[in-house]
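K.L.:
What shape does this take:
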Amino acid sequence: MIDIAKKFKWYEIIYLTLGLIAVVALSIIAKSSAITISYSIFGVLYVGAIAKQLKIGLIFGLLQATLYIVQSALYNNWGEFILNIAVVLPLIVLSIVGWFRKSSGVTVTSKKLSRNEWIILTIINLAVSVAFYFVLALFDTPNLLLASISAFFTILAHYLMVRKSPFMFVGFIGVNITTFLIWLLPIIEVQALNFETVPMLATIVVYLISNIFGAINWFKDASKKQKEQESQTENLTDMQDK
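P.N.:
Down below sits the predicted model:
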C-alpha cells in the first residue's frame, strides 16, 4: 500500500479525494441506492489507479463493472447491460490475468501494437458493433445508435487495456462521452431533472478527467520507453562498430 501511495502526486491525491467526496455527497443528496454509491466509489478508484498504471486498479474495475451491470438493469439500459456482461467483464478478467501474471511490482508498463493487429482489431470491432446494433434493436433499446457507438469504444478500450496500450484511454474517453449522453438524454427528453442519475453523471465526469490524466501519463511512459530502447540500440551499434 505504501508503494502504491508513492505513485500519486499530492495534487492527484487531492483530486481523487475531492472526486470521491463529491460523488458520495451527490449520491446522499439524491438518495441514491447503495449500488449507485458503491459503483461510483469503485469507479473513481478504478480509473484513478489505472491512470497511474497500478495493477490493483483492475480489481476495482471488476467490482465497478459488476455493479454497473446491476445499475444498468435497474434503469433498463439494456445496451450497457449486455455490453458490460458480454465484453467488459471478460476483458477485465483477461487484463487481471495478463497484468498480474507477466510482470512484478505494483505497476505495469505500456506496450505497442503492430500495424496488422490494429487493422484486425478495427475490422473485428466494427463488425461486432454493427451486430450489436441489431441485437439491441431486438430489445427496443433507446438511443440505439449512441449505444452502438459506445459499444465500439468500449470494446476498443478494454481490448487495448488487455494489451497494455496507452491508446486505451482514447477509447475510454469515447466511452465517457457516449455514456454521459446515454444517461443525460432521458433527462432532456422528459425535461425534468432525475436526481437519482445526477451521481452517475458526476461520476462519469470524474472518469473523463482521470482518463485524460491517464492518457498523458501512459503516453509519457511509452515515449520514455521508446527513447530508452533507441538509446540501447545506438549503444549496441557503437559497440559493434568499435
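K.L.:
Quick one: the helices in this protein, in order.
P.N.:
Using DSSP state H, the helices of the chain run over 2-6, 10-29, 34-51, 57-74, 78-83, 89-101, 115-138, 144-162, 168-190, 198-241.
K.L.:
State the distance from the residue nearest to the spatial centre of the chain to Arg115.
P.N.:
Closest residue to the average C-alpha location of the chain: Phe172 at 4.6 Å, with Cα atoms, centre = their mean. According to Cβ to Cβ, to the nearest Å, Phe172 stands 22 Å off from Arg115. To be clear about C-beta, it is placed using only N, CA and C from the backbone, and glycine gets the same treatment.
K.L.:
repeat for Ile37
P.N.:
From Ile37 to Arg115 the distance is 44 Å (Cβ to Cβ).
K.L.:
who's more crowded, those two?
P.N.:
Shown here are Ile37 and Arg115; by other Cβ atoms under 10 Å, Ile37 has more neighbours (19 against 7).
K.L.:
Show the model's pLDDT score for that one.
P.N.:
With respect to pLDDT, Ile37 scores 84.
K.L.:
does it really touch Ser27, like I thought?
P.N.:
Yes. Assessed by Cβ atoms under 8 Å, Ile37 is found in contact with Ser27 at 4.4 Å.
K.L.:
shaky segments in the chain?
P.N.:
Within the chain, the stretches with pLDDT under 70 are 1-3, 102-104, 190-196, 230-242.
K.L.:
Pull up the overlap in contacts between Ile37 and Ser27.
P.N.:
Shared contacts of Ile37 and Ser27, defined by Cβ atoms under 8 Å, 6 or more residues apart in numbering, are found at Pro199.
K.L.:
quick one: contacts for Leu63?
P.N.:
So Leu63 contacts Ser38, Phe42, Tyr46 (Cβ under 8 Å, 6+ apart).
K.L.:
so how far is Ile35 from it?
P.N.:
Per Cβ to Cβ, Leu63 is found 11 Å from Ile35.
K.L.:
same thing with Ile14?
P.N.:
Distance of Ile14 to Ile35, computed by Cβ to Cβ: 27 Å.
K.L.:
These two: who's more crowded?
P.N.:
A count of neighbours by other Cβ under 10 Å puts Ile35 above the other of Ile14 and Ile35, at 14 against 11.
K.L.:
Would you mind confirming that the more buried one makes contact with Tyr68?
P.N.:
No. Judged on Cβ under 8 Å, Ile35 makes no contact with Tyr68 at a distance of 9.1 Å.
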